[in-house]
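# with the sequence up front, the predicted model follows.
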Amino acid sequence: MAAEAGMRVNVASLLALGDDTVELLGERKDGEALAQACAGARMLRSACRSESDDLEVQMKEYQEKIKSCKEKIEKTKSETIADDELNALQKEMEEKLQDEQRLRQDLRAVRDELDNLDSQRDSIEQRKEALRKMEKEMMKAQNMLSMCVSVTKIMPNFEDKDKISGYIVDKNMKKLERFEFDKTTPPVDICNNLWKMV
């Protein structure tokens, strides 16, 4: 029984892993951190599978012991042995049945945890894929912006949300002159003024 208790899944550790995974995803870490979380989930999943296999082996052993007890009871009944011995055998069989029931419950809990880990792994994989797509789109946008800046010599300031602003730059991307327009300024006027500055 002591060895069996050592093999049980530590539910607190499993919940801590789930919390860490949720926190990790909430902070929008990079793909490497998500990969580490996924690897941790895989390791825990493997440990759960191993425990599940061990529980199934123990269950088979208990079933064999129960069968043996039943055979002994039948044999003792046919030999009309003392009531005390018969009661002891019946008690032993009941204990084995209770052990089997408990093992079945443990096995169900391990399977539920495996399903939960599979679901978490799928969610992590989806988020990793979404992050890869976002990084790819960001790279494309940065390349497009860089190309536009090198052609027009105009570098917009996206941090200024209240106005349309930025800088006129030289071929080395050195800022030469700052520009700023009200958001109510017609686009045609903005374009004309910018081309005059360039």
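On my side now, so go ahead. Residues are numbered from 1 along each chain as shown.
# rest of the way, CA atoms for contacts and neighbours
Fine.
# how close does Lys72 get to Asp170?
97 Å (C-alpha to C-alpha, to the nearest Å).
# nope, Gln58 is what I meant
On the measure of C-alpha to C-alpha, Gln58 and Asp170 end up 76 Å apart.
# for the chain, what spans make up the strands?
154-156, 163-169, 175-182 (DSSP state E).
# tell me which of the ones you listed sits most buried.
strand 154-156 (a mean of 21; mean count of other C-alpha atoms under 10 Å).
# hmm, who's touching stretch 182-198?
Thr152, Lys153, Ile154, Asp162, Lys163, Ile164, Ile168, Phe181 (C-alpha atoms under 8 Å, 6 or more residues apart in numbering).
# between the residues you listed, which is nearest Glu113?
Asp162 (50.5 Å; C-alpha to C-alpha).
# so who does that closest one touch?
Asp182, Lys183.
# if you set the cut-off to 10 Å instead, what comes out?
Asp162 makes contact with Phe181, Asp182, Lys183, according to C-alpha atoms under 10 Å, 6 or more residues apart in numbering.
# returning to what we had before: out of the strands of the chain, which gets nearest to Ser50?
strand 154-156 (57.3 Å).
# gap between Phe158 and Glu135?
18 Å.
# and for Asp162?
In terms of C-alpha to C-alpha, Asp162 sits 27 Å off from Glu135.
# give me the distance from stretch 121-141 to the chain's centre.
15 Å (C-alpha atoms, centre = their mean, to the nearest Å).
# any buried residues in it, and which?
Arg121, Ile124, Glu125, Arg127, Lys128, Leu131 (16 or more other C-alpha atoms under 10 Å).
# and this protein, what are its domains?
Split into domains by automatic domain parsing, the chain comes to 2-151, 153-197.
# okay, the ones you listed in JSON lines with mean pLDDT next?
Formatted as JSON lines, the domains of the chain follow (pLDDT from 0 to 100):
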{"stretch": "domain 2-151", "mean pLDDT": "79"}
{"stretch": "domain 153-197", "mean pLDDT": "84"}
